[in-house]
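Engineer: Please find the sequence and the predicted model below.
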Amino acid sequence: MHNVDTAPYQSFQKVFEQHYNALCNYAYSFLKDESSSEDVVQEVFIRIWEKKQELIQAEAIRFYLFTSVRNNCLTALQKEKKAAMVELKEYNIADTDAAAPMEGQPEKDYTAQLAAAMNQLPQKCREVFELSRISKLSYKEIADTLEISVKTVENQIGKALKILRAYLKSQHVFIAILLIISLFL
Amino acid sequence: MEMNENIMQIITRHLNKEATPEEQVTLNAWLDESAANRQEYDAYRKIWDESTHIAIQHHFNTKAAWEKLQEKIQPAAEIIPMRPRKNFTLKYMLAAAAILLFVVVTVVYVYQSMNETNWKSIVAQENNKRVSLPDGSIITLRKGSTIRYPENYGKKERKTELEGEAFFEVQHDSKKPFKVYTNDAVVEVLGTAFLVRNIDSLDQVVVSIGKVRFAERKDESRQVILIKGQKADLIHDHFTRDTVLNQNFKAWENGHLIFQNESLQQVVTDISNMYNIPIQLAPEVARQAGSITIKAEFRNEPIEQVMDEIQLMTGLKIHRENSIFVISQ
């Protein structure tokens, strides 16, 4: 144990624990399947440990992680289309709790409405916005990941915010109208 | 009042903590201008904070995943976490005795088997390398790969170990099956030609002629049987079977890349594999990469020239970023 340098290993564990859930959620946004999302993320971490240990303590690690997960998801989607899976083993899917129910009625409404609104975003806009919210990367890093300009990232985020606010506002108006109508019934 | 674009940009930057001090001043002034502005800002702030929870609404078990990962990246002995001691002295002693016995038996076994057979190791360092085995089988080793076989190869059995990638042309001998071992896989044949590739946790077998048994090393009952024109990947206990679209899996050996109206996705995969260079598709290209097809032939051309031609044929833009090629629109 004494001659093993445990420092990179420990920071590797820290990086893993810090980002695993967010990365799986990001993978899920492409693959829509929990088990394959976890596989992609595992694969990326194994690669880092085996090939890119110098990255672990680097500032760019978060950027590298999200970019790799994205690329691997795109590859997996390509593959999925072509190949028929031969499942030879029952796979143990890690216990996954259902998303914790939100508390409080009005907040639940708000969250549900916001979730619905996020689903309505135009595709590109949504991709940029979701990556930003999951990864908390800087706009420059998001731009590099998606290979678009920083200007485009900022515009898409601004656009997302405006669309979401407008959608939520229209929902309020809609509910208010329903209430008013019900008064007259 | 309709909000101007400039303020929206400042808010966008401010939310990601990227606003400059000057922009912050402008934002504060705008907020003080009216209650409506303040309300609008609050709405964005709330969307910003809440959307994170929505985007990360699935809960993945980080602890279980870390344990799974640990098994793959470190020998178990170094990662057993310290647990508070409990009073199970007898149990511990029995366990210790069992481990000791196991270690002794293993050491004796390994020692004996080492004496029995010496292994020959061949590394293709600078170039691809052709290796002839005593039975006349031929292995073409890809640059950077290693093949090992016992000195008494062929006497009782035909056993080899591969790290990396190689193409095998095996002499027929129905009494002594030919076996290739990688870290995780066993490939077994009687006589045939096939490719084995072992990179990280991927094992891939592509069959040119004949029939091949491709199995997991730790449990050989998990297997797929492949015939001519088929291939399979083994990644973490999963086999994925597919048909071979073209002969480009041998491109590193003969330098020939031939595409008969194949998808850009396939073309990029083959080129990247042949030249060992990552090629990235920009999102707008990736989306349609399945529908762009390419008909072309390359024979030992430098990668720059190949990329130039792809660029001409598709009308896409290709540029080099450090050691990566990026294809965009």
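Structural biologist: That came through fine. Numbers count the residues shown, from 1 in each chain, chains lettered A, B, ... in the order given.

Engineer: what about residue B:131, how many neighbours?
Structural biologist: Number of residues near residue B:131 (other C-beta atoms under 10 Å in any protein chain shown) recorded here: 17. For glycine as for every other residue, the C-beta is placed from the backbone atoms N, C-alpha and C.

Engineer: Hmm, it is touching residue B:146, no?
Structural biologist: No. Residue B:131 is not in contact with residue B:146 according to C-beta atoms under 8 Å; the separation is 10.7 Å.

Engineer: Show me the common contact partners of the two, please.
Structural biologist: Common neighbours of residue B:131 and residue B:146, counting by C-beta atoms under 8 Å, 6 or more residues apart in numbering or on different chains, are residue B:122.

Engineer: worst-scoring helix or strand of chain A, pLDDT-wise?
Structural biologist: For chain A, using mean pLDDT, DSSP states H and E, the weakest element among its helices and strands is strand A:84-86, scoring a mean of 42.

Engineer: What's the first helix or strand after that one?
Structural biologist: Note on strand A:84-86: by DSSP states H and E, the next helix or strand toward the C-terminus is helix A:105-120.

Engineer: Tell me the buried residues in that next one?
Structural biologist: Across helix A:105-120, burial judged by 16 or more other C-beta atoms under 10 Å in any protein chain shown covers A:110-111, A:113-114, A:117-118.

Engineer: before we move on, what about stretch B:251-269?
Structural biologist: For stretch B:251-269, a neighbour-count test (16+ other C-beta under 10 Å) marks B:251-253, B:257, B:259, B:262-269 as buried.

Engineer: show me what contacts residue B:203?
Structural biologist: Residue B:203 makes contacts with B:182-185, B:196-197, B:214, B:233-235, as judged by C-beta under 8 Å, 6+ apart.

Engineer: Get me the contact residues on the stretch 1-150 of chain B for chain A.
Structural biologist: Selection of the stretch 1-150 of chain B residues close to chain A by C-beta under 8 Å from any C-beta of the partner chain yields B:5, B:8-9, B:11-13, B:16, B:18, B:40, B:43-44, B:46-48, B:50-62, B:64-66, B:68-69, B:72-74, B:78.

Engineer: mind showing which ranges of chain A have poor pLDDT?
Structural biologist: Low-confidence segments of chain A (pLDDT under 70): A:1-7, A:80-108, A:172, A:176, A:182-185.

Engineer: Pull out the buried residues from the contacts of residue B:203.
Structural biologist: Buried by 16+ other C-beta under 10 Å: B:182, B:184-185, B:196-197, B:214, B:233-234, out of the contacts of residue B:203.

Engineer: Where do the strands of the stretch 51-200 of chain B begin and end?
Structural biologist: B:119-123, B:129-132, B:138-141, B:146-150, B:158-169, B:178-181, B:185-189, B:193-199 (DSSP state E, counting those that start in this stretch).

Engineer: would you turn those strands into JSON lines with mean pLDDT?
Structural biologist: Shown next, in JSON lines, are those (pLDDT from 0 to 100):
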{"stretch": "strand B:119-123", "mean pLDDT": "85"}
{"stretch": "strand B:129-132", "mean pLDDT": "90"}
{"stretch": "strand B:138-141", "mean pLDDT": "91"}
{"stretch": "strand B:146-150", "mean pLDDT": "90"}
{"stretch": "strand B:158-169", "mean pLDDT": "91"}
{"stretch": "strand B:178-181", "mean pLDDT": "92"}
{"stretch": "strand B:185-189", "mean pLDDT": "90"}
{"stretch": "strand B:193-199", "mean pLDDT": "86"}
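
Engineer: Around residue A:161, how many other residues sit close by?
Structural biologist: Residues lying near residue A:161 (other C-beta under 10 Å) number 22.

Engineer: Also the one 4 residues further on?
Structural biologist: When neighbours are counted by other C-beta under 10 Å, residue A:165 registers 16.

Engineer: go on, residue A:44?
Structural biologist: Using other C-beta under 10 Å, residue A:44 is surrounded by 23 other residues.

Engineer: Sticking with it, tell me its helix or strand.
Structural biologist: Counting by DSSP H and E, the element that carries residue A:44 is helix A:34-51.

Engineer: helices and strands around whichever helix or strand comes after that helix, which ones?
Structural biologist: Per DSSP H and E, the first helix or strand lying C-terminal to helix A:34-51 is helix A:61-82. Counting contacts by 3 or more C-beta pairs under 8 Å, 6 or more residues apart in numbering or on different chains; DSSP states H and E, helix A:61-82 packs against helix A:7-31, helix A:34-51, helix A:123-135, helix A:139-146.
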